[in-house]
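Asks: structure, please.
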Amino acid sequence: MTKTKSGKPSAEPELSDNKKDKLMTLLWKISFVLFLIAIVCLFAGIYDLGFINLTPVLSKYAAIFLGIKILTGLSGAFAISQISSTNKEISKQNSELLSKKMEEKIAVVEGKVEEFLGENYKKLNEENSNLKVEFDQIKENANNKIIAEIQELRNENADLRKKLDNRETVNEENLEQEDQLQVA
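Replies: Residues are numbered from 1 along each chain as shown. Sure, this is the predicted structure:
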């Protein structure tokens, strides 16, 4: 955040930043135009266009055009970096302001919701927690009953298997006795 002349923080950026941005933008544009002119002159001096015969005239100034090209390229890069850093600062300040406003709005909405719900909300929360406890108990009892029924069915299954095994052994013995009787 920027500070005003009185020393208090201000939510808006100072005007000097805005003037600085305009100056840097102007510098960048001028640098770009001079850069293009220097490149055109160097190109024309290197490659004779054939009908003007600029090579002898522009060859004297080639170092100057090259210097202009380098200086304008550097000044343009500097201007762009200054513009982007200022824009980043401004966008950061704006995002901080927006986040503070959103937090205030959220707090107001939460307060209204709590006012609207009031005691009913507290009662509903208590009732909900009690119902959750009851539900957990019912669920646990149902699980215990199912486990007990499964164990009973397993026991019955084991008993039936023993009886079936006993019948098979009795049937085998009876078949053996019949075979012995038929042989005799």
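Asks: how about the helices of this structure, start to end?
Replies: Using DSSP state H, the helices of the chain run over 15-46, 55-59, 62-183.
Asks: quick one: distance of the longest one to the chain centre.
Replies: Distance of helix 62-183 from the chain centroid (CA atoms, centre = their mean, to the nearest Å) equals 19 Å.
Asks: give the contact list for residue 91.
Replies: The contact partners of residue 91, by CB atoms under 8 Å, 6 or more residues apart in numbering, come to none. Yep, even glycine has a C-beta here, placed from its N, CA and C like the rest.
Asks: by mean pLDDT, show me the worst of the helices of the chain.
Replies: Note on the helices of the chain: helix 55-59 shows the lowest mean pLDDT, a mean of 67.
Asks: circling back: which of the helices of the chain sits most buried?
Replies: Among the helices of the chain, the stretch with the highest mean neighbour count (mean count of other CB atoms under 10 Å) is helix 15-46, at a mean of 15.
Asks: which other helices and strands contact that helix?
Replies: The contact analysis (3 or more CB pairs under 8 Å, 6 or more residues apart in numbering; DSSP states H and E) places helix 15-46 against helix 55-59, helix 62-183.
Asks: and that helix, how far out from the chain middle?
Replies: The chain centre lies 39 Å from the centre of helix 15-46; the measure is CA atoms, centre = their mean.
Asks: separation between residue 138 and residue 126?
Replies: With distances taken as CB to CB, to the nearest Å, residue 138 is found 19 Å from residue 126.
Asks: same thing with residue 99?
Replies: Distance of residue 99 to residue 126, given as CB to CB: 35 Å.
Asks: repeat for residue 63
Replies: 88 Å.
Asks: check residue 25 too.
Replies: Counting by CB to CB - residue 25 and residue 126 are separated by 63 Å.
Asks: also residue 179?
Replies: Using CB to CB, residue 179 is found at 80 Å from residue 126.
Asks: same question, residue 31
Replies: Distance, residue 31 to residue 126, by CB to CB: 71 Å.
Asks: go on, residue 41?
Replies: Residue 41 is 85 Å from residue 126, where distance means CB to CB.
Asks: cool, and residue 160?
Replies: Counting by CB to CB - residue 160 and residue 126 are separated by 51 Å.
Asks: same question, residue 170
Replies: 66 Å.
Asks: got it, and residue 177?
Replies: Noted for residue 177: a distance of 77 Å to residue 126, by CB to CB.
Asks: got it, and residue 69?
Replies: For residue 69 relative to residue 126 (CB to CB), the value is 79 Å.
Asks: swap in residue 116?
Replies: Relative to residue 126, and taking CB to CB, residue 116 is found at 18 Å.
Asks: and residue 85, by the same measure?
Replies: For residue 85, the distance to residue 126 - CB to CB - is 56 Å.
Asks: tell me who's in contact with residue 33.
Replies: No contacts exist for residue 33 under CB under 8 Å, 6+ apart.
Asks: hang on, I meant residue 76
Replies: Residue 76 touches 27-28, 31-32, 35, counting by CB under 8 Å, 6+ apart.
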